[in-house]
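Colleague: The sequence and its predicted three-dimensional model are supplied below.
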Amino acid sequence: MRVQFLKGVGPRMASIFGARDIFTLKDLLYFFPRKYEDRSQLSLVKNLSEGNSASVELTVHQAFMRPLRGRFSKLFEVKAFDQEKQWISLKWFRIFKGFEAKFEPGTKIIATGAIKAFGSIREMIHPEIQFDLEDDVNVGRIVPVYTEIDGVPTKTLRRILDTALNLGVPALKEELPSFFLKRHRLPPLPAAIREVHFPSENHSKGNGSDFTSFKSPAHQRLIYEEFFKFEYHMLSRRMDLKKEQGHALDSEKLKKSMDLLRSKLPFTLTKGQEATLQEISKDVVESHPMNRLLQGDVGAGKTAVAFVSALAFMDQGYQVAFMAPTEILAEQHFQNILKVFGADVPAKLLVGKTTNAERKLIQGLLDENRPALIIGTHALIEDPVKFKNLGYVIIDEQHRFGVDQRRKLREKSMIQPHTLVMTATPIPRTLALTAYGDLAVSLIRERPPGRTPIQTKLVRGPEHGKMIEFIKAELRAGRQAYFIFPLVNDSEEESFKHLKSAVTSAETLANEVFPEFKVGLLHGQLPPADKAKIMERFRSNEVQILVSTTVVEVGVDVPNATIMVIEHPERFGLSQLHQLRGRIGRGKHASTCFLKTDRPQHLPTPERLEVMCETEDGFLIAEADLELRGPGEFLGTRQSGALPFKIASLVRDQEWLIKAREDVLELLKQDPELKSADSKPFKTYLENSGKLDSAHLKTS
């Protein structure tokens, strides 16, 4: 049923719902509350405390409109009192036509909202008003609060949903295997849907804490269903990949290659690196393509693993594509592999500035079906580039690439190549099980020997002078420093006016603060050749201070740099701060990261900056970032459509994600064809709406 034909909706409101992707009765049933308000108990004005929300039964004394200066031209105010004759003021800066006429003196109302104190008077700004005190949908119970839909008042939305539930719930059919629902003692779908929208009486008598925290059986039922369906699509996709034909390497030759390549490394691999190479070796001798995510903290040595595995492929005649997000990083990888394994390695660099003559040489090498390692940027996926025998694809900092870019690179081969995607942004386990559920996951947790710990300090105004003196001492001792800024140039926008920019600050640092040292400037707006030039000057210590934006976040490796100053750190996410900090501590000298904030002393330190000062463990930081900012930060371009959860939360509901995943694995093992009677409802779902869900995920 189209939502337009629901009582109280009509064409105009249906178009408003459509902007929120609500087109049908079922869409409306799955438009879940974002929180709940406990209106089962009414408060007295004398018991109201600032900052809390409450519902109060009041009598209107007077209502009036008064003019205002500035942004709002007028204010509508209602003076009212409770049964103990305690006064409260209700205020609106925007009202709909005819609203003020409802507040006749003596009218009984229930007002719900956040409490503010204005002198000795309590007040509510834009409270929700209930005129019908017998209304069983909006008062006297735990009431759902939905994401606001402009043009649809909250009370109207609840009324429409009440009608939708009465019509739609009886037609809802179970879609999950009943065996798992019984195992977890979860309620039927129709009951869960109704309960989540309008909690039953037992929750509305002051016993709603499990409900308002989304831990009621009804919530858990719907959370489990979202996770179950999602994990089924992801895990079955991994199974489908195992059915595809891949390049199977010879295991004996692979072992010999790996042993020889290890012996050429100027360092000993860590346990994590060795374990990852073993996992890769086990995968690539199979006849189906590997699809593996390699997570490793900043400086964990992922690139060494990538090089060893890439050269092992080349030993068996295959071509390898290694895609990096920036030209700086691609060039760095290219120089490193030549430095470690020698100039006779058939490695080539393919980036935007590569000359036509060099491109022809590279294409000729590929056309001859000779082993080759092509390290490059997005230039690798451009149409003229053709691989004759692409056996292995390595994607560094995978979240920097769009899904289409990664797919195009894999499609350069007739047979699906083995794929290793790497990230230095540690991904919390729950996120890895969802956004990357179709990938096998390898972890490198420890840092290679020789890396020095990094001390992180928060610097406020009065401590700035001490920081500068410390940096000067480090520079005089031959060390180098990064200064990171959130903006390239000064901004006239109001919210950015107070922020320092890289361009302006570089001049100040060079001329006023550090006149005895060379200062360089690096940012994303520079031409690639200029970026490469300034980085080379910094690497060779011709430049002692590099002023930059977050363009240095990934991959830049200067072991002599021991100082990192991040201006306005509150403007960056936790994982981004951790990535930036990872540019230092890469050599034998002690390193220090300064988080320099203009935040006044009397204001508390933002929680994420405290986390940065407390730990260097990227996985702990990733978990904290997930809690503070949600999953979007980790997903980059993958996030579009990747996590279609309407009620489940990766932070709050981790235990249900794990349960759902384990159950899906069991189902795929015990009943992969879904032939049992118990699996029939789920099979029906997959044949109908499940196809759309799966297709949606594959675009992500």
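Modeller: All right, it came through fine. Residues are numbered from 1 along each chain as shown.
Colleague: Which of the residues in the strand ranked longest in the chain are classified as buried?
Modeller: Assignment by DSSP state E gives strand 53-67 as the longest strand of the chain. Buried residues in strand 53-67, counted by 16 or more other CB atoms under 10 Å: Ser53, Ala54, Ser55, Val56, Glu57, Leu58, Val60, Ala63. All C-beta spots, glycine's among them, are computed from the backbone N, C-alpha and C.
Colleague: what's the burial count for the spatially closest residue to Val459 that is not a sequence neighbour?
Modeller: Computed as CB to CB, 6 or more residues apart in numbering, the closest residue to Val459 that is not its neighbour in sequence is Lys596, at 4.5 Å. Using other CB atoms under 10 Å, Lys596 has 20 neighbouring residues.
Colleague: do the one 10 residues further on as well
Modeller: Pro606 is flanked by 17 other residues according to other CB under 10 Å.
Colleague: tell me the phi and psi of the nearest residue to it once chain neighbours are set aside?
Modeller: Distances taken as CB to CB, 6+ apart put Glu570 closest to Pro606, at 5.3 Å, once the chain neighbours are dropped. With angles defined as degrees, to the nearest 10, Glu570 sits at phi -70, psi -10.
Colleague: So Glu570 sits against Asp598, correct?
Modeller: No: at 9.1 Å, Glu570 does not count as touching Asp598 under the criterion of CB atoms under 8 Å.
Colleague: Which strand residues bridge the residue nearest to Val459?
Modeller: Val459, Glu567 (DSSP bridges).
Colleague: any idea how far it is from Glu655?
Modeller: 40 Å (CB to CB, to the nearest Å).
Colleague: Domain ranges for the chain, per the record?
Modeller: 3-169+187-204, 251-444, 454-615 (automatic domain parsing).
Colleague: closest one to Asp671 among those domains?
Modeller: Across the domains of the chain, Asp671 has its closest neighbour in domain 251-444 (19.8 Å, CB to CB).
Colleague: now the closest one: how far from the chain's centre is it?
Modeller: Counting by CA atoms, centre = their mean, to the nearest Å, domain 251-444 is centred 25 Å from the centre of its parent chain.
Colleague: what's downstream of the worst-scoring helix or strand of the chain on mean pLDDT, the next helix or strand?
Modeller: Using mean pLDDT, DSSP states H and E, helix 632-635 stands out as the lowest-scoring helix or strand of the chain, at a mean of 52. Downstream of helix 632-635, the next assigned helix or strand under DSSP states H and E is helix 654-670.
Colleague: so for that next one, what's the average pLDDT?
Modeller: Regarding helix 654-670, the rounded mean pLDDT is 91.
Colleague: and it, what other elements does it pack with?
Modeller: helix 178-183, helix 217-243, helix 429-434 (3 or more CB pairs under 8 Å, 6 or more residues apart in numbering; DSSP states H and E).
Colleague: Which other helices and strands does the first one contact?
Modeller: The elements that helix 178-183 packs onto, with contact taken as 3+ CB pairs under 8 Å, 6+ apart, are helix 654-670.
Colleague: Report the backbone C-alpha coordinates of the helix it packs on in PDB.
Modeller: Extracted C-alpha coordinates of helix 654-670, given in PDB (Å, rounded to 0.1, in the frame of the first residue of the first chain):
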ATOM      1  CA  GLN A 654      28.000  -5.500  19.400                       C
ATOM      2  CA  GLU A 655      26.900  -8.700  21.100                       C
ATOM      3  CA  TRP A 656      24.000  -9.100  18.700                       C
ATOM      4  CA  LEU A 657      26.200  -8.600  15.700                       C
ATOM      5  CA  ILE A 658      28.400 -11.500  16.900                       C
ATOM      6  CA  LYS A 659      25.400 -13.700  17.500                       C
ATOM      7  CA  ALA A 660      23.900 -13.000  14.100                       C
ATOM      8  CA  ARG A 661      27.200 -13.700  12.400                       C
ATOM      9  CA  GLU A 662      27.700 -17.000  14.200                       C
ATOM     10  CA  ASP A 663      24.100 -18.000  13.300                       C
ATOM     11  CA  VAL A 664      24.600 -17.100   9.600                       C
ATOM     12  CA  LEU A 665      27.800 -19.200   9.500                       C
ATOM     13  CA  GLU A 666      25.900 -22.100  11.000                       C
ATOM     14  CA  LEU A 667      23.000 -21.700   8.500                       C
ATOM     15  CA  LEU A 668      25.500 -21.600   5.500                       C
ATOM     16  CA  LYS A 669      27.100 -24.700   6.800                       C
ATOM     17  CA  GLN A 670      24.000 -26.800   7.800                       C
END
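Colleague: from the chain's centre, how far out does it sit?
Modeller: 23 Å.
Colleague: just stretch 594-602 next, same as before
Modeller: For stretch 594-602, the distance to the chain centre is 26 Å (CA atoms, centre = their mean).
Colleague: do the same with stretch 95-106
Modeller: For stretch 95-106 - counting by CA atoms, centre = their mean - the centre lies 44 Å from the chain centre.
Colleague: Could you do stretch 469-488 as well?
Modeller: 31 Å.
Colleague: I'd like the numbering to begin with 54 instead of 1 from here.
Modeller: Shifting the count to begin at 54 puts that one at stretch 522-541.
Colleague: tell me which residues in it are buried?
Modeller: The neighbour-count check on stretch 522-541 (16+ other CB under 10 Å) flags 524, 527-528, 532-541 as buried.
Colleague: and what of stretch 587-603?
Modeller: Quick answer for stretch 587-603 (16+ other CB under 10 Å): Ile587, Met588, Phe591, Arg592, Val596, Gln597, Ile598, Leu599, Val600, Ser601, Thr602, Thr603.
Colleague: ditto for stretch 208-224
Modeller: For stretch 208-224, using 16+ other CB under 10 Å, the buried residues are Lys208, Leu210, Arg211, Arg212, Ile213, Leu214, Asp215, Thr216, Ala217, Leu218, Gly221, Val222.
Colleague: ok, and the closest non-adjacent residue to the second one?
Modeller: Closest residue to Leu210 apart from its sequence neighbours, by CB to CB, 6+ apart: Tyr199 at 5.8 Å.
Colleague: distance of the one you found from Phe84?
Modeller: From Tyr199 to Phe84 the distance is 7 Å (CB to CB).
Colleague: With neighbour numbers in mind, choose between these two.
Modeller: A direct count of neighbours by other CB under 10 Å for Tyr199 and Phe84 places Phe84 higher, at 21 against 16.
Colleague: got the residue ranges for the helices in the stretch 404-553 of the chain?
Modeller: 409-420, 456-463, 482-487, 517-529 (DSSP state H, counting those that start in this stretch).
Colleague: From the contact counts, what lies against the longest one?
Modeller: With contacts defined as 3+ CB pairs under 8 Å, 6+ apart, the packing partners of helix 517-529 are strand 533-537, strand 614-620, strand 644-649.
Colleague: Return the list of strands paired to the shortest one, each annotated with direction.
Modeller: Meaning strand 533-537. strand 598-601 (parallel), strand 614-620 (parallel).
Colleague: so which of those strands comes closest to Met520?
Modeller: Using CB to CB and comparing the strands paired with strand 533-537, the one that lies nearest Met520 is strand 614-620, at 7.3 Å.
Colleague: and the helix or strand following that closest one with strand 644-649, angle?
Modeller: Next along the chain after strand 614-620, taking DSSP H and E as the criterion, comes helix 627-634. Here helix 627-634 points in a direction 130 degrees away from that of strand 644-649 (axes from the mean of the first three to the mean of the last three CA atoms, to 10 degrees).
Colleague: Great, nothing more from me.
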